[in-house]
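> Show me how the following folds:
(4 chains)
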There are 2 protein chains.
Amino acid sequence: MSNTPRGARARARIEVTGAIKDVARAQLAAEGAAKLSLRAVARELGMASSAIYRYFPSRDDLLTALIIDAYNALGEAAEAAHDAAADAGPTRRWTVVCEAVRAWALAHPHEYALIYGSPVPGYTAPVDTVPVAARVAHVFMSILRDAHRGPGLAKPPLPAELRTEAHRMAADFAPDLPPETVAAFTAAWAELFGLVGFEVFGQFNRVVDDRETFFRHAAERLAHAVGLVFPSLPSAGEAPLTRTEP
Amino acid sequence: MSNTPRGARARARIEVTGAIKDVARAQLAAEGAAKLSLRAVARELGMASSAIYRYFPSRDDLLTALIIDAYNALGEAAEAAHDAAADAGPTRRWTVVCEAVRAWALAHPHEYALIYGSPVPGYTAPVDTVPVAARVAHVFMSILRDAHRGPGLAKPPLPAELRTEAHRMAADFAPDLPPETVAAFTAAWAELFGLVGFEVFGQFNRVVDDRETFFRHAAERLAHAVGLVFPSLPSAGEAPLTRTEP
DNA sequence: CGGGAATCAAGAGCAGTGCTCTCGCTTGCG
DNA sequence: CGCAAGCGAGAGCACTGCTCTTGATTCCCG
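Coordinates of the predicted model:
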């Protein structure tokens, strides 16, 4: 991953950098991003506050480092969950990864807020964050690819007005997937984080009680929306549209 | 709405309170919640910073006031859009309200972040925010109620494990709607704000270009997911599951 | 191997923050 | 009318991010 450090100095540098990030991450988990204080982490590390600036040019740069770490941690959690369920069918793997994302978010709410909550002050995420941010999306798309090769992917409907946009997205991100799938997945991707965000940020308080099963069901419906067909109940998501009785 | 102020003093108080909120809202729109400074608004108003505390006991209380205002503004935008399309069918009204939510969020990103982004530091939303936060949900549910009375609502599927939770939610929030509808709506509600949040917070940058039509299509699929049937294309959202050709 | 250069920690200091407390002035109610 | 309550202003406290200077340490290269 990283090249061998040239000397003891470089080694010490990456060590101190890591230590700073560690206590910063601890403060983040304890108090949230808004209360992350450079002076406080310097105090905890027994160094002068000004010394921190040798390692991070500004507070926002420290934040950026933590953001990248958080993206990677979430991506790794998703990948690990996916690999652990490698034997299961695409639909099962889809929900497993969804649940892994939710679990990570609930376990690290402040880090989740850092990457999927409101962006900090006038801060705009640098380009470095783009690739790591795509890791979980890649996991989902690999599932869709598998299903596409196998027998388990249906084409979601695609209205005419969205055709060109869907083709562009597919060409840019997943040329081997049908544009219908890519368009539907993009929506499902955002919707997944809507569900997770509402739970993490407390919007479901006093609304949803059994959030575990509620989320699992929602994730299954998302799986169906992107064209993954249930192995056991081939069309469970699409019961006939029985009219409700008022 | 509000009682007549007892004297000139009370009148001045509500006026100053409003002025503080106005310049605070301006600062919010300009710089974001994190950079909202009591001293700065005091400076802009030509008063001492300590005087602000006569009107808001703390910075967080000012934030809370702005949060309630934001919820109300979004709720009013949704209600206005709904009323303007009162003649249209439920599905059309659903998408109109979705688009109104999106438009308001894009026009007021910082206020949107305040209510649907990461919660501020150790701040927990006081109970006052609960009813106003439900306003847009009420708009959607009134559409579902109309459709339920009329001919346009289908029962979404509901797995057995979610039955009791769905019945509880329905009993608590919409006893006149089928539990299947309430459960599906709760998910769609969160998913809608996932779509909006991803766009407002820039997660769709370099991913979705034609966000207008992308969102409209996603909103229509949400309408279908909650059981609203399209008036023109009764089953457009459910094309037969044609297997994709790898 | 030794000297010049880069790196590092530390301290003082600046401008800004939320918030408290005290002081007088004004207002309005009993 | 009088007194208590409301109000604005100022000073002050404990913080914050960040800069600059100073002195010590370490590294690299001739």
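> Quick one: name the residues of chain A near DNA strand D.
A:6-9, A:36-40, A:49-50, A:53, A:57-60 (Cβ under 7 Å from any atom of the strand). For every residue, glycine as well, the C-beta is placed using N, CA and C.
> Tell me which of those residues fall in strands.
Among these, no member falls in strands (DSSP state E).
> Tell me the one of those residues nearest B:Ile67?
A:Leu36 (22.2 Å; Cβ to Cβ).
> Next, the closest one: phi, psi?
phi -70, psi 120 (degrees, to the nearest 10).
> Make a PyMOL selection of the buried ones in the residues of chain A next to DNA strand D.
The command below creates a PyMOL selection of those among those that count as buried (16 or more other Cβ atoms under 10 Å in any protein chain shown):
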select buried, chain A and resi 36+38+59+60
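> any idea how far the closest residue to DNA strand C within chain A lies from B:Ala12?
Closest approach between chain A and DNA strand C, counting by Cβ to the nearest atom of the strand: A:Ser50, at 2.8 Å. Plainly put, A:Ser50 is 47 Å away from B:Ala12 if you go by Cβ to Cβ, to the nearest Å.
> try A:Ala219
Here the distance between A:Ala219 and B:Ala12 works out to 54 Å (Cβ to Cβ).
> likewise A:Leu158?
59 Å.
> measure A:Ala225 to A:Ala183 for me?
11 Å.
> between those two, what contacts are shared?
Residues touching both A:Ala225 and A:Ala183 (Cβ atoms under 8 Å, 6 or more residues apart in numbering or on different chains): A:Pro156.
> Which one of the two is surrounded by more residues?
When neighbours are counted by other Cβ atoms under 10 Å in any protein chain shown, A:Ala225 and A:Ala183 differ, and A:Ala183 comes out ahead with 27 against 22.
> pLDDT score for the residue nearest to the more buried one when sequence neighbours are not counted?
Nearest non-adjacent residue to A:Ala183, counting by Cβ to Cβ, 6 or more residues apart in numbering or on different chains: A:Ala166, 3.9 Å away. Per-residue confidence (pLDDT) for A:Ala166: 98.
> Do a quick rundown of the helices in chain A.
Here chain A has its helices, by DSSP state H, at A:8-31, A:38-45, A:49-52, A:59-84, A:90-107, A:109-116, A:129-133, A:135-149, A:163-173, A:179-200, A:211-225.
> For B:Leu162, which of these is the nearest?
helix A:211-225 (5.1 Å).
> tilt between the closest one and helix A:179-200?
170 degrees (axes from the mean of the first three to the mean of the last three Cα atoms, to 10 degrees).
> Contacts for helix A:211-225, please.
By Cβ under 8 Å, 6+ apart, the residues outside helix A:211-225 that reach it are A:91, A:94-95, A:98-99, A:102, A:156, A:184, A:187-188, A:191-192, A:195-196, A:199, A:204, A:208, A:230, A:236-238, B:159, B:161-162, B:165, B:183, B:186-187, B:190-191, B:221, B:225.
> Pull the distance from that helix to the chain's centre.
Centroid displacement of helix A:211-225 relative to its chain, using Cα atoms, centre = their mean, to the nearest Å, is 16 Å.
> List the contacts of the closest residue to A:Val132 other than its chain neighbours.
Counting by Cβ to Cβ, 6+ apart, A:Val132 lies nearest to A:Tyr71, which is 3.9 Å off, once chain neighbours are set aside. Going by Cβ under 8 Å, 6+ apart, A:Tyr71 touches A:115, A:129, A:132-133, A:135.
> from those residues, which would you call buried?
Among the contacts of A:Tyr71, the ones that count as buried by 16+ other Cβ under 10 Å are A:115, A:129, A:132-133, A:135.
> where does chain A have low pLDDT?
Chain A contains residues with pLDDT under 70 at A:1-7, A:120-126, A:230-246.
> mind running it again at 80?
Residue ranges of chain A with pLDDT under 80: A:1-10, A:119-128, A:151-152, A:229-246.
> Tell me which residues of stretch A:64-76 come out buried.
Buried residues in stretch A:64-76 (16+ other Cβ under 10 Å): A:64-71, A:73-75.
> Save the residues you listed as CSV, and put in distance to A:Val139 too.
Compiled in CSV, those are given as follows (distance: Cβ to Cβ, whole Å):
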residue, distance to A:Val139
A:Thr64, 23
A:Ala65, 23
A:Leu66, 22
A:Ile67, 19
A:Ile68, 18
A:Asp69, 18
A:Ala70, 16
A:Tyr71, 13
A:Ala73, 14
A:Leu74, 10
A:Gly75, 7
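> same for DNA strand C: which of the residues you listed are within range?
Okay, of the buried residues of stretch A:64-76, nothing touches DNA strand C (Cβ under 7 Å from any atom of the strand).
> thinking again about what came up before, of A:Ala219 and B:Ala12, give the one with the bigger neighbour count.
A:Ala219 (25 against 11).
> contacting residues for the residue nearest to A:Thr91 when sequence neighbours are not counted?
Closest residue in space to A:Thr91, ignoring its immediate chain neighbours: A:Leu228 at 4.5 Å, by Cβ to Cβ, 6+ apart. Each residue near A:Leu228 by Cβ under 8 Å, 6+ apart is listed here: A:90-91, A:94, A:143-144, A:147, A:152-154.
> Quickly list what A:Leu228 is bridged to.
With DSSP bridges as the criterion, A:Leu228 is bridged to A:Leu153.
> OK, now which residue of chain A is nearest to chain B?
Going by Cβ to the nearest Cβ, chain B is nearest to A:Gly194 of chain A, at 1.8 Å.
> My read is that that residue contacts B:Ala187, right?
No - in terms of Cβ atoms under 8 Å, A:Gly194 does not count as a neighbour of B:Ala187; the distance is 9.0 Å.
> Next, count neighbours for A:Ala107.
Neighbours around A:Ala107, by other Cβ under 10 Å: 13.
> measure it to DNA strand D for me?
25 Å (Cβ to the nearest atom of the strand, to the nearest Å).
> swap in A:Val136?
Distance from A:Val136 to DNA strand D, by Cβ to the nearest atom of the strand: 29 Å.
> contacting residues around the residue nearest to that residue when sequence neighbours are not counted?
Counting by Cβ to Cβ, 6+ apart, A:Ala78 is the residue found nearest to A:Val136 once chain neighbours are left out, at 4.5 Å. Each residue near A:Ala78 by Cβ under 8 Å, 6+ apart is listed here: A:97, A:100-101, A:104, A:135-136, A:139.
> From A:Ala70, how far out is A:Ala78?
Taken as Cβ to Cβ, the span from A:Ala78 to A:Ala70 is 13 Å.
> again, but for A:Ala218
Relative to A:Ala70, A:Ala218 is positioned 23 Å away (Cβ to Cβ).
> circling back to that earlier point, mind putting the contacts of A:Tyr71 into a markdown table with distance to A:Arg25?
A markdown table is the format used below for these (distance: Cβ to Cβ, whole Å):
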| residue | distance to A:Arg25 |
| --- | --- |
| A:Ile115 | 13 |
| A:Thr129 | 16 |
| A:Val132 | 16 |
| A:Ala133 | 18 |
| A:Arg135 | 19 |
